[in-house]
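K.L.:
structure, please.
(2 chains)
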Amino acid sequence: MALRLFNTLTHSVQEFVPLSQDGNKVRMYCCGPTVYDFAHIGNWRTFIFGDLVRRYLEFKGWAVQHVMNITDVDDKILKRVHETKMPLREFTGKFEAAFMEDLKTLNCRAPHQTPRASEHIPEIIALIEKLVLRGLAYKAPDGSVYFSIEKYRDSGCEYGQLVKLNFDEMRIGERVRSDEYAKEAIGDFALWKAKTPADGAVFWPSPWGDGRPGWHIECSAMSMSFLGPSFDLHLGGEDLIFPHHEDEIAQSEGAGGQAKGQHFVKYWLHGAHLLVEGRKMSKSLGNFFTLRDLLAKGFAGREIRYLLLTAHYRETFNFTLEGLQAARTSLQRLDECLTKLRELAGNATAGAAPPLLQQFSEALDDDLNISGAWGAVFEWVRDTNRKLSENALDAPAAAAALTAWKKLDSVTGVGAPEDLEVPSEITALLEARQAARKAKEFKRADTLRDELKAQGWVIEDTPKGARVKKINI
RNA sequence: GGCGGGGUAGCCAAGUGGUAAGGCAGGGCUCUGCAAAAGCCUUAUGCGUCGGUUCGAUUCCGACCCUCGCCUCCA
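P.N.:
Okay, the predicted model is just below:
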């Protein structure tokens, strides 16, 4: 079955057919972090969404080139750099490293390229020059360079491809800063921002004077330089639809590098935001979490990943600590099942594949219906447990189930439980307790059980014998 | 004001013109010396409200209520 995705550009679910016919290559760009602080749980939902898209495309057999920018020059960064008096690179380096570490904690596959805006100034300037040359950009009296939406439209291009724009009805200007009045039209946006005293040492020379890139231009410059003037997928949070992505289209298509009839990007995918404890995340409400905050509460990366991966990417998701607890329990159920399968499978060769994978991918083919996919997984878990308790599975069937799981988990990335080494003193305690039980010295057996519990291990008495399990926090 | 999402069980969350996946929590049971752990079973005459279309609506249409987002800082 073919993968179908909701394309913001056409506002409809479309079959995914890559632009390139050379083999099975797919080119994908994700708007990355602005490294001025630790990324929060809302950011992570979007990055995990991007990771899901990447992993599922790879699952389907495509060779994905995944590019994610690092925004290391922008207003917020400059403000912090100014406040902290740290050199730009030292400041951004800290948060960039944290981002990469968090990405790993959440088991996101590393993008193939993570270009920094500050290291692509020549490409940015070249793109702006092209726009100036084509008459779509102008230098304002303040020394900044702006993109002219009117000229862009006059050249036959469409502004407002991603959202229906009605400039007459929009509350334009409400949030526009007063110092941006150098623009000819209120809808125009900055390509190059002239240096101000507050920028300190952060500026680059350009044909228009010292300054720095505007907000949107880095994504156009870097995506096109890594992926070409037209590529398959561009992802981001839903808030980026307008103006960020709309402006990216304007800059990129305005530069005119696309082949006739081709767009800058074929499929635009946007992830919805999340609420935390039912409300918009904010520091004052106390529901603002970075990944690190949640790790400090004792939650694991895979639990957070799983929770963020339970709801459809286009729906607002309500992230709660109760939900995280539930996510932990759900994963334990899954882990139990996999552990039992592993014990049964031993070194057996896999038998016939279960129908799980097909149900799983049918759900994901339908615009990444991950909830439906998890539904298939947990139905399989229940079915497997039932068979296990009835001794209706043999080793090859268990091995086949594990093979299917492994393939499936290449998409979900929540991981399988590792076979945990049981320390010898714990095994000794367990054996002593078993001996005591056999001798019907139950008091002594219970004392040993308490002892094990105190050391963080819980005894599981099963029809097949006793074993110990590490207590999860 | 313009545009766009949503309202499905105690909580989270899929889905469908033909009678509601899945997870968590709750209840019952199995196993056990007792427990625990684990597992199985079970849990919405109901899908924001009111109308309409239809043999049949949670699904389609209309109105209304509530809620969230975007409208040049934003994942």
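
K.L.:
so what touches the longest helix seen in chain A?
P.N.:
The residue-count maximum for a helix in chain A (DSSP state H) belongs to helix A:321-345. The contact list for helix A:321-345, computed with Cβ atoms under 8 Å, 6 or more residues apart in numbering, reads A:277, A:294, A:297, A:299-300, A:302-304, A:306-307, A:310, A:377-378, A:381, A:384-385, A:388, A:393-395, A:398-399, A:401-402, A:405, A:414, A:416-417, A:419, A:472. In this view, the C-beta of every residue, glycine as well, is placed from N, C-alpha and C.

K.L.:
please redo it, this time with the cut-off set to 7 Å
P.N.:
A:299, A:302-304, A:306-307, A:381, A:384-385, A:388, A:393, A:395, A:398-399, A:401-402, A:405, A:414, A:416-417, A:472 (Cβ atoms under 7 Å, 6 or more residues apart in numbering).

K.L.:
for stretch A:67-81, same thing?
P.N.:
Stretch A:67-81 is contacted from outside by A:29-36, A:88, A:91-92, A:96, A:111-118, A:198-200, A:202, A:212-213, A:215, A:218-219, A:222-223, A:226-227, using Cβ under 7 Å, 6+ apart.

K.L.:
burial count for the residue of chain A found nearest RNA strand B?
P.N.:
Going by Cβ to the nearest atom of the strand, RNA strand B is nearest to A:Gly237 of chain A, at 1.5 Å. Neighbourhood size, A:Gly237 [other Cβ atoms under 10 Å]: 19.

K.L.:
which elements pack onto the least confident helix or strand in chain A by mean pLDDT?
P.N.:
When the helices and strands of chain A are scored by mean pLDDT, DSSP states H and E, strand A:279-280 comes last with a mean of 83. Using 3 or more Cβ pairs under 7 Å, 6 or more residues apart in numbering; DSSP states H and E as the contact test, no helix or strand touches strand A:279-280.

K.L.:
avg pLDDT for the helix or strand just after it?
P.N.:
Counting by DSSP states H and E, the element after strand A:279-280 in chain order, helix or strand, is helix A:291-296. Throughout helix A:291-296, pLDDT has a mean value of 94.

K.L.:
quick one, the helix or strand following helix A:291-296 and helix A:321-345 angle?
P.N.:
Later in the chain than helix A:291-296, the nearest helix or strand by DSSP H and E is helix A:301-308. If you take axes from the mean of the first three to the mean of the last three Cα atoms, to 10 degrees, helix A:301-308 sits at 110 degrees to helix A:321-345.

K.L.:
how about helix A:301-308 and RNA strand B, touching?
P.N.:
No - judged by Cβ under 7 Å from any atom of the strand, helix A:301-308 stays clear of RNA strand B, getting no closer than 7.7 Å.

K.L.:
C-alpha coordinates for that helix, CSV please?
P.N.:
Listed in CSV are the C-alpha atoms of helix A:301-308, where the atom choice follows Å, rounded to 0.1, in the frame of the first residue of the first chain:
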residue,chain,number,x,y,z
GLY,A,301,13.6,9.0,27.2
ARG,A,302,11.7,6.1,25.7
GLU,A,303,8.8,6.8,27.9
ILE,A,304,8.6,10.4,26.8
ARG,A,305,9.2,9.3,23.2
TYR,A,306,6.4,6.8,23.4
LEU,A,307,3.9,9.3,24.9
LEU,A,308,4.7,11.9,22.3
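
K.L.:
rewinding a little: who does the residue of chain A closest to RNA strand B bridge with?
P.N.:
A:Gly271 (DSSP bridges).

K.L.:
surely it touches A:Gly271?
P.N.:
Yes - assessed by Cβ atoms under 7 Å, A:Gly237 is found in contact with A:Gly271 at 5.5 Å.

K.L.:
hey, what's in contact with both of those two?
P.N.:
Contacts common to A:Gly237 and A:Gly271, judged by Cβ under 7 Å, 6+ apart, are A:Thr46.

K.L.:
per-domain residue ranges of chain A.
P.N.:
Chain A breaks down into these domains under automatic domain parsing: A:16-271, A:276-412, A:424-470.

K.L.:
need the winner for burial among those domains.
P.N.:
domain A:16-271 (a mean of 19; mean count of other Cβ atoms under 10 Å).

K.L.:
how long is that domain end to end?
P.N.:
This stretch, domain A:16-271, spans 17 Å end to end (Cα to Cα, to the nearest Å).

K.L.:
again with stretch A:259-267
P.N.:
16 Å.

K.L.:
just how off-centre is it within its chain?
P.N.:
25 Å (Cα atoms, centre = their mean, to the nearest Å).

K.L.:
which residues are contacting it?
P.N.:
A:5, A:7, A:16, A:19, A:230-234, A:249, A:252-253, A:258.

K.L.:
cross the contacts of stretch A:67-81 against helices and list the overlap.
P.N.:
Going by DSSP H, the helices hold A:88, A:91-92, A:96, A:218-219, A:222-223, A:226-227 from the contacts of stretch A:67-81.

K.L.:
redo the residues you listed as CSV? Include distance to A:Leu448 and pLDDT.
P.N.:
Below are the ones in helices among the contacts of stretch A:67-81 laid out as CSV (distance: Cβ to Cβ, whole Å; pLDDT from 0 to 100):
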residue, distance to A:Leu448, pLDDT
A:Leu88, 60, 94
A:Phe91, 55, 95
A:Thr92, 55, 96
A:Glu96, 51, 97
A:Glu218, 63, 95
A:Cys219, 62, 96
A:Met222, 62, 97
A:Ser223, 62, 97
A:Phe226, 61, 97
A:Leu227, 62, 97
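
K.L.:
looking at the domains of chain A, which is nearest to A:Met1?
P.N.:
domain A:276-412 (4.7 Å; Cβ to Cβ).

K.L.:
okay, how far is it across that closest one, tip to tip?
P.N.:
22 Å.

K.L.:
now do stretch A:357-376
P.N.:
9 Å.

K.L.:
is it in proximity to RNA strand B?
P.N.:
Yes - part of stretch A:357-376 sits near RNA strand B under the criterion Cβ under 7 Å from any atom of the strand, namely A:366, A:369, A:371-372, A:374-375.

K.L.:
cool, and stretch A:264-280?
P.N.:
Yes - applying Cβ under 7 Å from any atom of the strand, one finds stretch A:264-280 touching RNA strand B at A:271-275, A:278, A:280.

K.L.:
which one of those is nearest to A:Glu315?
P.N.:
A:Ala272 (5.6 Å).

K.L.:
so who does the closest one touch?
P.N.:
So A:Ala272 contacts A:238, A:313-317 (Cβ under 7 Å, 6+ apart).

K.L.:
switch to 6 Å and redo it
P.N.:
Contacts for A:Ala272 (Cβ atoms under 6 Å, 6 or more residues apart in numbering) come out as A:238, A:314-316.

K.L.:
now, the most widely separated pair of the residues you listed?
P.N.:
Counting by Cβ to Cβ, the most remote pair of the contacts of A:Ala272 is A:Glu238 and A:Glu315, 10.7 Å apart.
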